[in-house]
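[1] Got a predicted model here, sequence first, then my questions.
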Amino acid sequence: MDIYIDESGDLGFSLGSSRYFVVAYLITDDSAPITRVMKRFLGRSRTRKKFAGKELKFSNSNDEIRAQVLTKLLNVDWNAGLIILEKDKVAPNLRKIPDVLYNFTILESLMRDLLSFHDNVSPIKIYIDKSKDSAMAEAFNNYARDKASYTWRVVLNKKTRFNSRFLVVEHCFSHSNKCIQVADFIAGAAFQKYERSNPSFFDIIGGRVTKETYLWR
């Protein structure tokens with residue numbers, strides 16, 4: 001099982017910060033068809049001079065490109081989950097430690113979702129955009145392993161010990177990973193729904209979102 005994670009919004013709490021922080025995770029057993037769709041779309045868009053960037057991102061695409069990418073993705077097999085954080089609901093002490101808040105927001109419900117149907121034999125590979133320095137990335141990895149073990153043993157009440165060697169986290173640059181780019185589009189579509197009250201993009205792929213967790217509602 002491969003999981004690709006990206007987010008939209010920010011974890012700041014200043015006047016100009018977003019109201020929501022949205023995490024999308026793409027789940028697939030075969031990334032090749034998704035990669036082909038994204039590569040072909042980018043190539044054709046450049047040829048037709050509809051897109052000049054090196055990487056497809058929701059934020060640097062116009063509405064036509066956004067809708068076209070999301071529609072094209074319906075032709076291949078995948079599903080996704082969302083984690084929605086309404087930042088007004090974050091406790092004051094957590095607002096002061098954004099790295100801890102970031103790790104908790106992504107991994108708390110994600111691990112419960114993934115492990116609830118995991119066989120403790122198949123590998124779980126998590127790919128996340130390489131936006132943190134090495135120390136923060138290592139802290140994320142350690143937290144992922146600890147959270148997986150706790151969720152398996154305590155939350156899901158499994159009798160066997162969680163085999164942490166089957167959990168792999170890779171921090172990748174999004175420009176070289178098309179599936180992270182897809183997670184970016186899913187997160188961007190959901191962010192438009194919550195932050196901008198514009199569900200038009202999310203409505204295209206909403207049927208593929210099988211889990212939507214709203215933190216601290």
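    On my side now, so go ahead.

[2] rest of the way, CA atoms for contacts and neighbours
    Noted.

[3] what about the helices in this structure?
    32-47, 63-72, 92-95, 98-115, 134-150, 178-195, 200-205 (DSSP state H).

[4] which other helices and strands contact the last one?
    Looking back up the chat, that one is helix 200-205. Helices and strands touching helix 200-205, by 3 or more Cα pairs under 8 Å, 6 or more residues apart in numbering; DSSP states H and E, are helix 63-72, helix 178-195.

[5] In this protein, where is pLDDT below threshold?
    Residues of the chain meeting the criterion pLDDT under 70: 46-53.

[6] count of residues packed around residue 26?
    26 (other Cα atoms under 10 Å).

[7] If it is in a bridge, with which residues?
    Assessed by DSSP bridges, residue 26 has beta-bridge partners residue 4, residue 80.

[8] Can you tell me how far it is from residue 107?
    According to Cα to Cα, to the nearest Å, residue 26 stands 14 Å off from residue 107.

[9] same deal with residue 166?
    For residue 166, the distance to residue 107 (Cα to Cα) stands at 16 Å.

[10] returning to what we had before: so which of the helices and strands packed on helix 200-205 is the most packed in?
    Among the helices and strands packed on helix 200-205, helix 178-195 has the highest mean neighbour count (mean count of other Cα atoms under 10 Å), at a mean of 25.
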